[in-house]
Structure formats: C-alpha cells, structure tokens
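Undergrad: Have a look at this prediction, sequence included:
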Amino acid sequence: MNARIRKLLNQLGETFWLVPGAMVLAGILLSIALLNVDRSGRLPAWLTESNWFYNGGGTGARTLLGAIASSTIGVAGTVFSITIAALSLAAGQMGPRLLRNFTRDRGVQMTLGAFLGTFSYALMVLRSVRTQEEGSFTPHLALSLGILLAFACVATLVYFVAHMANRINVDTVVELVSDDIRNAIESTVTDKLQAEPPPATFWSASTVIVDARRGYLQQVDEQGLADWAAKNGTAIRLLARKGDYVFPGAPIAVMSVHVPEAEEAVRNATALGVARGSAGNAEHAVRQLVEVAVRALSPGINDPHTAMSVLDRLGATLCDLSGTHLPSGVTLREGAVALVVPSVTYRSLADVMFHMIRQNAAGSTAMMIRLLDVLTAVAACESDPARREVLARHADLVWSDARRGIGNECDLADVGRRYATFRLILAHGVIGAIGALAH
C-alpha cells in the first residue's frame, strides 16, 4: 500500500489541473467569505470612506465585475494557447517525454489558476450584486479586492510571458532535468557501506513468483516487503527493477522458502504504471537528458552544442557520486537477508549516460573530444578503482569509434591526444599527468 500511496502522491504532484483547481476553489471560498463580511455591515468607517475603497453603486459594480470576468477568462484562453504552443515546440525539438516537465511547471499552473480563480471570484461576487430596483446591495469589500485581483492578474501575465520565453530555452530545460537527476541522486546515495548481495547459490532452491499484471514498475515498498519476508521466514529477490516493464505471467521475483501468500505480498508492495519513470528514479531522469542530446545530434536538428551541454551535466552528476555509496538493494532483518532489489549501479548509470550519445555521435570529432574531456574530468574526481575501470571502458569505446568513424587524420590526432590525456590522468593522477605532458 505504501508503494501505491507514493505512486498516487507522485501523480498528484505532476498533475496539471491540481493547482489551477485549488486556486479556483480558493477564489470561490474567498468570495463567499467577503460577501458575508459585506452583508454583516461591520466594516469600519475609515475603510468605507477611503478613496481606495470601491464606493460606486450596483450598476457600476456589475459593469466592473463583468469586465473583470470576461477579460480574465479571455486571457486564460490565451495562456492555455501559449502553453500548448510551447508543449508542441518542446515535443518536436527535445522529445515528448519532456512534456512532463512543462505540465508540472508551477509557474504555468499558478498563472492559469490566477486567471481562472479571479474569473470564478468575479462571477460569485457578480451574482450577489443588486440594483436599487432589486433591493440595493453592493459588496464594497469584495469589489475592492476584485480590482486588486485584476491588477494581480496583469502582473501575472507579464511574469508568464517572461517565464515561458525562458522555459522553452533548451539550456533551461537541460538544467531543469539536471536538477531532477541531482535530486534523485541525493535521495539515493548514502555515506554508509552497503550489505553485499548473497551468492547465487543462496537462491538455488528458490520458488518463482509470477505476476499477472502489466506495466512499468514505478514504486516498491522495500521496507514493507522485507518485513513481510522476515515475518514469514523467507527471503525475496525481485527480478524487475524500477523502470522495467513487467510482462503478464512473467517471473517478477523469487523466494528462498515457499510461502503461498508471497505473490499477493509482492503485488501489494509494488505499483505499476503506464509510464516508465517516476519521481526519484535517477536512471529515468538521465534517460530524459540523454534523449535531448540524441535529438540534438539528429540530422534534422543538428545542434551539437546542446549535446555537449548535456554531456557537461552528466559528467557533473558522476562527480557528485565521488566518495558516496550507491545502495546495493539488500535489506537485512536481524542480520539475515530479507529482500534483494535490483538497484542502480555506477556501471549501469554510466552506460545509460554515454552509450546512446556515443553511438549517435559516431563520426563527429567535436563530440568525441567532448566525451573524452568529460570522462577525463570525472576520472580526476573519482578514486574508486572499480568506477575508474568503468570510465576507462567508455573512453576505450570512444577511441575505438573515433578510429573507425573519423577519416581526417588531423581530427583523429586531436581525439587521440584527448584519449592519451585521459589515460595519463587515470594512471598518474592530475599532477603526474601534468608532468608527463610537459615532457
């Protein structure tokens, strides 16, 4: 249930209508509250006699509120049209999977909510206005606040235009996705050593658990499932990791000791969805950023500078991992293994970051040089031998692709010098490499 609740909260947090809907409701409730204050007749005299306070009659009040309502709903339509145009541009140039970053943008949501909320507020106040023939009632306080809300909408419109002009900038999009990666990494890494997974022989007599559902695995309640496994004297190993597609009838887990209720327990501890990623999934955020780079390298767009900008952010992410430990996916209960979940590793993260970009950059001297520069910078930050070996593997792949795809000898020599610098950094460190290069 915890996994399903987290999935629901993530969906609500990324829902476009939630903030505008809440602001519409707030506008209605505010109008009701202020109308009650107006009807009570308890407003202080200094306020009602102020030049800043609305002192007109019912006819003027209706005209004013009608103007506010019609203009705000009209501008709300314009805001919605601009948002759709920005979404179309983003989908065409940066990939449809990045639309989620636009629809969950609080600036857009609050702008639309401000106009719709003001429209709802004006309608609710307008319905209460009565002229002299109808039994005079003019809600002076509610009207005065309505005027202030109209001016606030003007300021919101100015903000929205500047905000959208900035949001469709590809560098801004890259930075926003980088923030998602950084937040996901920070919530994933730990400074503590992790328990090692049990050997393969531990699962030699295991029983397979199948799942009849289908969809992408979005959330896993690891603690709850580990508690259940320990309570029932078994250990569970999930075969699907977050972001993997679960096929109906395919094995989703194995258990060391057979327990009849294990299938239901696994089903209750996992939440599937139609989308691959979810909040806090580092690999999914990396894939989004890689998609921007791959599209930028396509012949239709041909924007290598954007791809280089993506590489810079990916390298910075790997530098952030220096000195930290990624979770092993092993959960212990009283010293015994209760649950093993496939988790993100340094190798898997680096593969997601660099494989597709390298493959799509084949033949591009500038991209090969930038790839090696980024790998060199990361190698200078990283001291773990296993991680440095992963970086060396990717550098070797880049150099191999360069020798095969770059025909110009001068360009290939430039790439070769970058590769040699990487190897020197890897072997002797920054100081040693500087000395070697000097000679």
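TA: Yep, that arrived.
Undergrad: ok, and for the helix or strand harbouring residue 429, which residues are buried?
TA: Assigned by DSSP states H and E, residue 429 falls within helix 409-438. With burial defined by 16 or more other CB atoms under 10 Å, the residues of helix 409-438 counted as buried are 411-412, 414-416, 418-419, 421-426, 433. Backbone N, C-alpha and C define where each C-beta goes, glycine included.
Undergrad: buried sites along the helix or strand harbouring residue 399?
TA: Using DSSP H and E, residue 399 maps to helix 385-405. Within helix 385-405, the residues scored as buried using 16+ other CB under 10 Å are 387, 388, 390, 391, 392, 394, 395, 398, 399, 401, 402.
Undergrad: and if you look at stretch 350-370?
TA: For stretch 350-370, the neighbour count (16+ other CB under 10 Å) marks 350-354, 356-358, 360-361, 364-365, 367-370 as buried.
Undergrad: Those residues: which two are farthest apart?
TA: For the buried residues of stretch 350-370, the maximum inter-member distance is 24.1 Å, found between 352 and 365 (CB to CB).
Undergrad: for the stretch 251-400 of the chain, what are the low-confidence residue spans?
TA: 277-280 (pLDDT under 70).
Undergrad: again, only using 90
TA: For the stretch 251-400 of the chain, the stretches with pLDDT under 90 are 256-257, 259-262, 264, 267-306, 321-338, 342-345, 361-364, 381-384.
Undergrad: And the strands in it, which stretches?
TA: For the stretch 251-400 of the chain, strands defined by DSSP state E, counting those that start in this stretch occupy the ranges 270-273, 330-333, 336-340.
Undergrad: now do the stretch 51-200 of the chain
TA: Under the criterion DSSP E, counting those that start in this stretch, the stretch 51-200 of the chain carries no strands.
Undergrad: ok, residue 19 to residue 380 distance?
TA: Using CB to CB, to the nearest Å, one obtains 43 Å as the distance from residue 19 to residue 380.
Undergrad: do the same with residue 15
TA: For residue 15, the distance to residue 380 - CB to CB - is 43 Å.
Undergrad: more crowded one of these two?
TA: The neighbour count for residue 15 versus residue 380, taken as other CB atoms under 10 Å, is higher for residue 380 (16 against 13).
Undergrad: Can you tell me how far that one is from residue 286?
TA: 21 Å.
Undergrad: quick one: which of the strands of the stretch 251-400 of the chain is nearest residue 194?
TA: Going by CB to CB, the one of the strands of the stretch 251-400 of the chain nearest residue 194 is strand 330-333, 6.7 Å.
Undergrad: Mind listing the strands that closest one pairs with, and their directions?
TA: strand 336-340 (antiparallel) (DSSP bridges).
Undergrad: can you confirm residue 237 is in a strand?
TA: Yes - assigned with DSSP: H, G, I helix; E, B strand; the rest coil, residue 237 falls within a strand.
Undergrad: Need phi/psi at residue 199.
TA: Dihedral angles of residue 199 (phi, psi; degrees, to the nearest 10) stand at phi -70, psi 160.
Undergrad: What's the local residue count around it?
TA: 8.
Undergrad: Tell me the spacing between it and residue 208.
TA: Taking CB to CB, one finds residue 199 at 19 Å from residue 208.
Undergrad: So what's the residue count around residue 305?
TA: Residue 305 - counted by other CB under 10 Å - has 12 other residues nearby.
Undergrad: Skipping adjacent residues, who's closest to it in space?
TA: residue 296 (7.9 Å; CB to CB, 6 or more residues apart in numbering).
Undergrad: Quick one: residues contacting the residue nearest to residue 317 when sequence neighbours are not counted.
TA: Using CB to CB, 6+ apart and skipping the chain neighbours, the partner closest in space to residue 317 is residue 181 (5.4 Å). Residues in contact with residue 181 (CB atoms under 8 Å, 6 or more residues apart in numbering) are 282, 285, 286, 289, 313, 317.
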